[in-house]
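In: Output the structure for:
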Amino acid sequence: MTIKVSIKIKLLMLSIAVLSIPYVGYQYLREMEQYLRDSLEASLIDSAIAVSGPLHNKDVLFPSSAQVETPSVFVHKLTHPIQMDGYTDDWMSYLSWSDTYMEENAISDDPLSYKFIISRYQQYYYALLQVQDTRLTYRVREDPGALNNDHVILSFKNYNGDLLHYYFSPADSGEFTPFELIRVTDKFGVENSEYIHKTNIGAYWRQTDSGYNLEIRIPVNVIWETLGITVLDVDDPKLRTVTSVIGTAGRQTQINPGRVLQSSPAIESMIENYARTEGRRIWVLDNYGQVLATTGSLTKDLPGPTFNLLYSLLLPPVHQRFSDDLSGASRLQGDEISAALEGIPGSRWRISPDDRAIIVSAAAPVMINKMPNGIVVVEETTSHIQIQQRQAMASLFNKSLFVFIFVTLLLLIFATRLSIRLRQLERDAAAAIDQHGRVIGGFRTSNSTDEIGDLSRNYAAMLDRLKEYNQYLEMLAGRLSHELRTPMTVVQSSLDQLKETNSSSKKQTYLERAREGIHRLNTIVIRLSEATRLEQALQNTECRIEDVNELVTNCIEGYRVAFPDVEFVLDTPDQVLSRNIAADLIVQMLDKVIKNAIDFKSLDSPLEISLKDNEENWEINVLNYGQSLPESMEEQLFNSMISFRGKKDDSEPHLGLGLYIVRLVVEFHGGVVSAKNLPDKKGVNIKMVFPG
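Out: Below you'll find the model as predicted:
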């Protein structure tokens, strides 16, 4: 069994060989990256477990875990000071860490809520309140100590343990000074209120579309361990009664403020030795995800960048500087932290906000009394993985270069061989035809199974057909001589006998014979010019929409009348088949095909005609049972002056133009006509296929 290997397959195999080199290399890099990722992830989990070891059962280091029922506020770390203007621009990186406080008011249909965040930068605490209040009521300017308006109370204990309250009650938007309300009794026993303005506290109140923003700046040495914020809402400027009170520690905020939580220096000193690896950062969290301590940095020195277009296309760039959204954060969230709170070490991959770095974080639980009450998180970027990928890429590129050169040589050899074979094919084709255009044969065929071998064999078959056709043309003179000689002889003999006879009856007979001969000569001339006239007529023929189904049916009905001895079997679709055609030409085409089929069919067999409507085209098939076509004539049957009737019927001249006219009509409509012997060699099927 011969396996056909085409040029396409050969080129495909070479192309696959060439393309497989970078593909295999890319797969190698991917597998190496996955291995390094898994190794980094496992290393970070092991580090997190190691860091959490010394912290186990140190409940004194985790106050929020020990007092889970105590409300608290967490002091976040700022990386820059806050400008006191009431806007949130400086807070954009920290707003997501705000805590929300809300209460459905039973007195008013206007619910009050606010977001609160407090952070530290150097020696100051900065706080931001974003209060949602659609009806604002300001303090009357003439009453500097009034509290019958919208205001905020800051409650805290100082270093002496005294519980203090600072009131933020402005008369309008802008910067103002809070005050402390002190109750004193004079010498007469009368209790009076004194308002002491706290100039060391900065405050800025800015009205917004949904309420107001309040920014507060407090020196660090003012507040000790507790702090609470209470927001009081007054909606009716006439009644001026408080309708809503919401505190960070509930309704008891002014009596028992919540705890203040900050990063623990003790924990930081315990974990700093574990953060000596460059580019690694360690966090210690309580069971709420609030940061108790952090050390280390994700940035590290990298080798100088080497520009390489290949690396840039295949591998993401390595950035030493990137946006670290958690730098200075005071609370962390994530799947790995949720897993650690359940006592299971976990990990997570994330992308930096500027898409310049991939950060891996691993978390392990800190166990206190066999319960997870703290979390250790270790983070690191994948920059060293990317550097190792580039080193592997350089090695792979050097090794692949040799393979590329080798494959290129194979392609050159293959192209050279193709060129030689094509030139040989050209020489063989030129040698098969002499200078007069006569096919002399001798074409050498190729045994190759590719396209050039197929082309060589097709050339040989084409030349054989041309040789047969030329032989037919050479015999055409004899055919025309035979077709013309017979009627001319009839005419000549009839005229000679007409001259010699005196009988009127014989003269009439001779005249009739002469007329028949002249008629036959006229028929030959008409048929010789019919194809030429049709070709000229096609140039001016216009098409229009016609029902092909009805047209074919009417034609067959006419043939049944014209040929009563022939049985016509018609198969057409049930629906209307409207197409853009030249109806007269279609009728002429059917006349030629049907007449030809009748001449060659068996006496007792029917003539089957079918009209089919396919998705992309429509076709007419004429099937007659009888004489089959010679194998060499299936491709030539529709050429001009092709006939193989022999001497079957000499009553009519046959010059082989009928089916040629059929081909002209079909090609005018953009179709294709073909003739095929039936599988059992007992008939012929003429198929005319037209575009839909």
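
In: Just the helices from the stretch 551-692 of the chain, written as ranges.
Out: Residue ranges of the helices in the stretch 551-692 of the chain, as given by DSSP state H, counting those that start in this stretch, are 583-600, 658-668.

In: ranking those helices by burial, who's on top?
Out: helix 658-668 (a mean of 21; mean count of other Cβ atoms under 10 Å). Every C-beta, even on glycine, is put in place using the N, C-alpha and C of the backbone.

In: Just give me how far it sits from the chain centre.
Out: For helix 658-668, the separation from the chain centroid amounts to 48 Å (computed by Cα atoms, centre = their mean, to the nearest Å).

In: so that helix versus helix 583-600, what angle?
Out: Per axes from the mean of the first three to the mean of the last three Cα atoms, to 10 degrees, the angle that helix 658-668 makes with helix 583-600 is 150 degrees.

In: Was I right to think residue 155 contacts residue 164?
Out: Yes. Counting by Cβ atoms under 8 Å, residue 155 does reach residue 164; the two are 7.3 Å apart.

In: the more surrounded of these two?
Out: Higher neighbour count among residue 155 and residue 164: residue 155, with 23 against 16, using other Cβ atoms under 10 Å.

In: Name the SS class of the more buried one, please.
Out: Three-state call for residue 155 (DSSP: H, G, I helix; E, B strand; the rest coil): strand.

In: what does residue 171 give?
Out: Put simply, residue 171 is coil when judged by three-state DSSP.

In: For the closest residue to residue 672 other than its chain neighbours, grab the count of nearby residues.
Out: Distance criterion Cβ to Cβ, 6 or more residues apart in numbering; nearest residue to residue 672, sequence neighbours excluded, is residue 689 at 5.1 Å. Other residues within reach of residue 689, judged by other Cβ under 10 Å, total 19.

In: show me what contacts residue 689?
Out: Contact partners of residue 689, counting by Cβ atoms under 8 Å, 6 or more residues apart in numbering, are 617-619, 671-674.

In: now, among those, which is nearest to residue 357?
Out: residue 617 (60.5 Å; Cβ to Cβ).

In: you'd agree the closest one is up against residue 690?
Out: Yes. Between residue 617 and residue 690 there is a contact at 6.0 Å, judged by Cβ under 8 Å.

In: Residues in contact with both of the two, list them for me.
Out: In contact with both residue 617 and residue 690: residue 671, using Cβ under 8 Å, 6+ apart.

In: More neighbours: which of these two?
Out: For residue 617 and residue 690, the more surrounded residue by other Cβ under 10 Å is residue 690, and the numbers stand at 19 against 14.

In: nearest spatial neighbour of that one, skipping sequence neighbours?
Out: Nearest to residue 690 is residue 671, by Cβ to Cβ, 6+ apart, at 3.9 Å.

In: What separation do you get for that neighbour and residue 373?
Out: 86 Å (Cβ to Cβ, to the nearest Å).

In: who's more crowded, the two?
Out: Neighbour count, other Cβ under 10 Å: between residue 671 and residue 373, residue 373 has more, with 23 against 19.

In: Give the partner strands of the helix or strand where the more buried one lies in its sheet and their orientations.
Out: Using DSSP states H and E, residue 373 maps to strand 371-381. Strands that pair with strand 371-381, judged by DSSP bridges, come out as strand 280-286 (antiparallel), strand 358-368 (antiparallel).

In: How is the protein divided into domains?
Out: Following the assignment in automatic domain parsing, the chain carries domains at 7-55+264-390, 67-261, 432-529, 541-691.

In: Least confident of these, on average?
Out: When these are ranked by mean pLDDT, domain 432-529 comes last with a mean of 75.

In: chain center to that domain, what's the gap?
Out: Distance, centroid of domain 432-529 to centroid of chain: 64 Å (Cα atoms, centre = their mean).

In: what ranges do the strands span in the stretch 101-250 of the chain?
Out: 112-121, 124-132, 151-157, 163-168, 174-176, 179-185, 191-197, 202-208, 211-219, 226-234, 242-251 (DSSP state E, counting those that start in this stretch).

In: typo on my end, it should be the stretch 251-400 of the chain
Out: Using DSSP E, counting those that start in this stretch, the strands of the stretch 251-400 of the chain run over 258-261, 280-286, 291-296, 346-351, 358-368, 371-381.

In: Need the ones you listed in TSV (columns: distance to residue 205).
Out: Formatted as TSV, these follow (distance: least, Cβ to Cβ, whole Å):
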stretch	distance to residue 205
strand 258-261	23
strand 280-286	33
strand 291-296	30
strand 346-351	38
strand 358-368	39
strand 371-381	38
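
In: what about residue 452, which SS state?
Out: Residue 452 - assigned by three-state DSSP - is helix.

In: Give me the number of neighbouring residues for the residue lying closest to residue 9 once chain neighbours are set aside.
Out: Excluding the flanking residues, the one nearest residue 9 by Cβ to Cβ, 6+ apart is residue 450, at 7.8 Å. For residue 450, the tally of surrounding residues (other Cβ under 10 Å) stands at 18.

In: Now do residue 538 against residue 666, distance only.
Out: Taking Cβ to Cβ, one finds residue 538 at 11 Å from residue 666.

In: for stretch 216-234, which positions count as buried?
Out: 216-218, 222-223, 225-234 (16 or more other Cβ atoms under 10 Å).

In: Those: which two are farthest apart?
Out: Pairwise distances across these (Cβ to Cβ) peak at 31.2 Å, for the pair 225 and 234.

In: out of the strands of the stretch 251-400 of the chain, which comes closest to residue 544?
Out: Short answer: strand 346-351, nearest of the strands of the stretch 251-400 of the chain by Cβ to Cβ, at 65.9 Å.

In: list the helices and strands the closest one packs on?
Out: Packing partners of strand 346-351 (3 or more Cβ pairs under 8 Å, 6 or more residues apart in numbering; DSSP states H and E): helix 7-52, helix 335-341, strand 358-368.

In: which of those sits most buried?
Out: That would be strand 358-368, which, of the helices and strands packed on strand 346-351, has the most neighbours on average (mean count of other Cβ under 10 Å), namely a mean of 23.

In: the inter-axis angle of it versus strand 291-296?
Out: Going by the same axes, to 10 degrees, strand 358-368 makes 130 degrees with strand 291-296.

In: How far does strand 358-368 sit from its chain's centre?
Out: 37 Å.

In: Equivalent analysis for stretch 578-589, please.
Out: Here stretch 578-589 shows a centroid-to-chain-centroid distance of 47 Å under the convention Cα atoms, centre = their mean.

In: What's the end-to-end length of it?
Out: Terminal residues of stretch 578-589 lie 18 Å apart, using Cα to Cα, to the nearest Å.

In: How about residues contacting it?
Out: By Cβ under 8 Å, 6+ apart, stretch 578-589 touches 534, 538, 541-548, 551, 555, 618, 661-662, 665-666, 668-669, 688, 690, 692.

In: Go again with 6 Å.
Out: 541, 543, 545-548, 551, 555, 662, 665 (Cβ atoms under 6 Å, 6 or more residues apart in numbering).

In: any chance of the residues you listed in CSV, plus distance to residue 356?
Out: Output for the contacts of stretch 578-589, formatted as CSV (distance: Cβ to Cβ, whole Å):
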residue, distance to residue 356
541, 71
543, 66
545, 65
546, 70
547, 70
548, 68
551, 73
555, 78
662, 73
665, 71
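
In: picking that back up, so for the strand holding residue 373, what gets flagged as buried?
Out: For strand 371-381, by 16+ other Cβ under 10 Å, it's 372-381.
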